[in-house]
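Engineer: all I have is the shape, not the residue letters:
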Ligand code: 6PG
């Protein structure tokens with residue numbers, strides 16, 4: 001019997017669909033699931049007659065594989081991944097490869113990579129994005145691990161991945177150990193940001209009296225061929241908002257509870273951002289909003305205790321739709337700028353050696369945040385690899401400069417109408433802060449810290465000289481005011 005090219009462990013929908021995808025590209029795939037019934041159901045169902053070999057113990061799974069063995073785990077992140085690695089080890093030889101295709105925490109991936117490489121086993125932690133359909137027809141794949149490990153599966157991954165409009169496969173070697181999972185986690189954080197921003201705009205439209213199908217039409221227009229907002233998430237917003245509630249005339253969206261759950265990758269993105277000192281206010285706003293959404297009982301109780309006065313929208317609806325369109329685009333640029341800044345910081349901290357232009361390229365098709373807009377990001381980093389921030393790319397900077405007042409207006413009007421817009425405001429404030437040579441709030445808090453805690457402060461040359469004062473060797477000069485001493489003398493702190 002022909003040996004299998006690759007194995008997939010985990011017969012939930014992502015594992016099943018990836019196995020089918022691989023088989024459809026000419027590979028023979030061995031499959032295994034912890035509970036045998038799932039493997040059997042798959043083998044006797046859609047996999048019947050296909051080059052898919054069901055196996056019912058791990059030894060057999062490894063035996064039917066060609067060497068070097070390539071085994072892809074599509075199981076729940078966390079302990080199940082460790083358990084499978086542990087069980088597989090007894091059957092593997094140096095040079096064999098384990099791939100973790102779940103949404104694992106990147107530090108777990110670094111740990112597993114280290115542990116396995118000490119035994120000579122190669123390990124890839126890879127992001128696989130695109131949901132069920134993507135897994136079956138072509139996901140975006142973000143593999144991290146040893147380059148020689150990637151070489152073993154490069155062809156398979158290229159064959160099964162989505163292809164961008166120019167035919168390029170949406171997979172590329174991301175970097176060592178945890179790089180792939182870090183990039184996938186950040187992709188998900190950006191995904192949260194996109195979803196929240198769209199949600200805030202939709203809710204605003206609803207608040208000004210538009211019906212779900214009207215909003216769906218706007219979204220469909222915004223997903224037009226050459227629209228700057230054209231993206232998968234806008235497309236599915238348009239499509240899902242037209243859906244009627246089964247057996248009634250109501251729209252489904254009007255009957256769906258305002259509770260958004262989450263599995264953790266958005267939270268990890270924000271946690272990493274906190275650890276690496278990278279502000280990601282839009283992504284954090286998306287996570288915080290999901291948290292607030294989940295406490296339905298609290299909100300129901302609070303609504304009875306506290307009534308927030310709010311105005312009614314009285315402006316021009318058509319004009320406001322245009323305002324919201326450009327506001328959303330700017331907010332999106334801001335959110336991606338934050339996500340990319342996080343990737344760059346992680347790249348430095350963990351030696352991931354990430355190439356932002358190439359990552360944006362992978363995201364052009366297959367994944368949840370796929371959008372034309374990503375092509376612009378790639379171009380921006382190809383033209384200027386050392387861009388200080390995405391917002392500095394001439395094309396984006398120009399748009400922001402010309403249209404920022406629309407985001408200002410959107411946030412203002414939304415708030416006047418009592419519509420929370422945490423992510424839209426986060427995006428706006430990020431832009432305002434990052435372009436401020438002098439951040440007034442920071443001046444105030446620097447002084448407060450010195451006042452109550454003698455923590456010291458730096459100085460600038462003056463209101464028209466925002467650069468920090470340095471000494472002759474170029475070192476930042478630090479000062480402290482003796483607040484409690486009469487005359488409040490100022491001292492230079494020498495270290
Ligand atoms: C993807 C998705 C996928 C999954 C998320 C959902 O890229 O295909 O992001 O990974 O749908 O894990 O995340 P939440 O449950 O946290 O919303």
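Structural biologist: Thanks, I have it. These numbers come from a predicted model, not from an experiment. Residues are numbered from 1 along each chain as shown.
Engineer: make it CA atoms for all contacts and neighbour counts henceforth
Structural biologist: Noted.
Engineer: mind naming the longest helix for this structure?
Structural biologist: Using DSSP state H, we find that the single longest helix of the chain is helix 317-350.
Engineer: what average pLDDT does that one get?
Structural biologist: For helix 317-350, mean pLDDT rounds to 98.
Engineer: show me how far it is from its chain's centre.
Structural biologist: Here helix 317-350 shows a centroid-to-chain-centroid distance of 12 Å under the convention Cα atoms, centre = their mean, to the nearest Å.
Engineer: and after it, which helix or strand comes next?
Structural biologist: helix 356-362 (DSSP states H and E).
Engineer: which helices and strands does that next one pack with?
Structural biologist: strand 140-145, helix 317-350, helix 373-383 (3 or more Cα pairs under 8 Å, 6 or more residues apart in numbering; DSSP states H and E).
Engineer: buried ones in that helix?
Structural biologist: Applying a neighbour-count criterion of 16 or more other Cα atoms under 10 Å, one finds 356, 357, 358, 359, 360, 361, 362 buried in helix 356-362.
Engineer: pLDDT on it, on average?
Structural biologist: Mean pLDDT, helix 356-362: 97.
Engineer: which residues touch that helix?
Structural biologist: Applying Cα atoms under 8 Å, 6 or more residues apart in numbering, the external contacts of helix 356-362 come out as 140-142, 169-172, 174, 340, 343-344, 374-375, 377-382, 385.
Engineer: that helix near the ligand anywhere?
Structural biologist: No - Helix 356-362 lies apart from the ligand when judged by Cα under 6 Å from any ligand atom; the minimum separation is 12.2 Å.
Engineer: cool, stretch 171-184 as well?
Structural biologist: No - Stretch 171-184 lies out of reach of the ligand by Cα under 6 Å from any ligand atom, never closer than 7.2 Å.
Engineer: packing partners for the longest helix of the chain?
Structural biologist: Using 3+ Cα pairs under 8 Å, 6+ apart: helix 317-350 touches helix 179-207, helix 281-294, helix 356-362, helix 394-416, helix 422-434.
Engineer: look up phi and psi at the residue nearest to residue 212 when sequence neighbours are not counted.
Structural biologist: Nearest non-adjacent residue to residue 212, counting by Cα to Cα, 6 or more residues apart in numbering: residue 241, 5.8 Å away. The phi and psi torsions at residue 241 (degrees, to the nearest 10) take the values phi -80, psi -10.
Engineer: quick check: longest strand of this protein.
Structural biologist: When the chain is parsed with DSSP state E, its longest strand is strand 122-129.
Engineer: do that one and the ligand meet?
Structural biologist: Yes - interface with the ligand: strand 122-129 contributes residue 129 (Cα under 6 Å from any ligand atom).
Engineer: and which of the buried residues of helix 356-362 is nearest residue 196?
Structural biologist: Lowest distance from residue 196 to the buried residues of helix 356-362 (Cα to Cα) belongs to residue 360, with 20.4 Å.
Engineer: one step back: please work out which of the helices and strands packed on helix 317-350 is packed deepest.
Structural biologist: Greatest average neighbour count among the helices and strands packed on helix 317-350 goes to helix 179-207 (a mean of 24), per mean count of other Cα atoms under 10 Å.
Engineer: circling back: can I get the helices and strands packed on helix 356-362 in a markdown table including mean neighbour count and distance to residue 253?
Structural biologist: Listed next are the helices and strands packed on helix 356-362 as a markdown table, based on neighbours: other Cα atoms under 10 Å; distance: least, Cα to Cα, whole Å:
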| stretch | mean neighbour count | distance to residue 253 |
| --- | --- | --- |
| strand 140-145 | 31 | 29 |
| helix 317-350 | 21 | 20 |
| helix 373-383 | 19 | 27 |
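Engineer: tell me the contacts of residue 121?
Structural biologist: Here residue 121 is in contact with 92, 93, 94, 95, 96, 97, 98 (Cα under 8 Å, 6+ apart).
Engineer: for it, which non-adjacent residue is closest in space?
Structural biologist: residue 94 (5.0 Å).
Engineer: okay, now the one you found: neighbour count?
Structural biologist: 15 (other Cα atoms under 10 Å).
Engineer: quick check: can you list the domain ranges of the protein?
Structural biologist: 6-177, 185-434, 440-493 (automatic domain parsing).
Engineer: looking at these, which is buried most?
Structural biologist: domain 6-177 (a mean of 20).
Engineer: how far out from the middle of the chain is it?
Structural biologist: Per Cα atoms, centre = their mean, the displacement of domain 6-177 from the mean C-alpha position of its chain is 22 Å.
Engineer: in terms of contact, does residue 10 touch residue 74 like I think?
Structural biologist: Yes - between residue 10 and residue 74 there is a contact at 5.0 Å, judged by Cα atoms under 8 Å.
Engineer: any common contacting residues for the two?
Structural biologist: Between them, residue 10 and residue 74 share no contacting residue, judged by Cα under 8 Å, 6+ apart.
Engineer: contact residues of the stretch 201-350 of the chain facing the ligand?
Structural biologist: With Cα under 6 Å from any ligand atom as the criterion, the stretch 201-350 of the chain comes near the ligand at residues 262, 263, 264, 265.
Engineer: what's the lowest-pLDDT member of these?
Structural biologist: The model is least sure about residue 264 among those, giving it 93.
Engineer: so which residues of the stretch 51-200 of the chain form strands?
Structural biologist: 52-54, 70-73, 97-100, 122-129, 140-145 (DSSP state E, counting those that start in this stretch).
Engineer: for the longest one, which helices and strands make contact with it?
Structural biologist: Here strand 122-129 touches strand 97-100, helix 106-118, strand 140-145, helix 147-160, helix 179-207, going by 3+ Cα pairs under 8 Å, 6+ apart.
Engineer: can I get these in JSON lines including mean pLDDT?
Structural biologist: Shown next, in JSON lines, are these (pLDDT from 0 to 100):
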{"stretch": "strand 97-100", "mean pLDDT": "98"}
{"stretch": "helix 106-118", "mean pLDDT": "98"}
{"stretch": "strand 140-145", "mean pLDDT": "98"}
{"stretch": "helix 147-160", "mean pLDDT": "98"}
{"stretch": "helix 179-207", "mean pLDDT": "98"}
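Engineer: wait, which of the ones you listed is closest to residue 493?
Structural biologist: helix 106-118 (38.5 Å).
Engineer: the closest one close to the ligand?
Structural biologist: No - counting by Cα under 6 Å from any ligand atom, the ligand has no neighbours in helix 106-118; the shortest distance is 13.9 Å.
Engineer: and the angle from that helix to helix 179-207?
Structural biologist: 160 degrees (axes from the mean of the first three to the mean of the last three Cα atoms, to 10 degrees).
Engineer: pull the residues that contact helix 106-118.
Structural biologist: The contact list for helix 106-118, computed with Cα under 8 Å, 6+ apart, reads 78, 122, 123, 124, 125, 145, 177, 178, 179, 180, 181, 182.
Engineer: for those residues, give me CSV that also has distance to residue 58.
Structural biologist: Listed next are the contacts of helix 106-118 as CSV, based on distance: Cα to Cα, whole Å:
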residue, distance to residue 58
78, 20
122, 18
123, 18
124, 19
125, 20
145, 23
177, 25
178, 26
179, 28
180, 26
181, 25
182, 29
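Engineer: out of the residues you listed, which one sits closest to the ligand?
Structural biologist: Nearest to the ligand among the contacts of helix 106-118 is residue 181, at 10.8 Å by Cα to the nearest ligand atom.
Engineer: now residue 397, nearest residue through space, not along the chain?
Structural biologist: residue 391 (5.5 Å).
Engineer: need the contact list for the one you found.
Structural biologist: 333, 334, 337, 397.
Engineer: quick one: the last one from the ligand, how far?
Structural biologist: Think residue 397. According to Cα to the nearest ligand atom, to the nearest Å, residue 397 stands 28 Å off from the ligand.
Engineer: for residue 31, same thing?
Structural biologist: Look at residue 31 and the ligand: by Cα to the nearest ligand atom, they are 21 Å apart.
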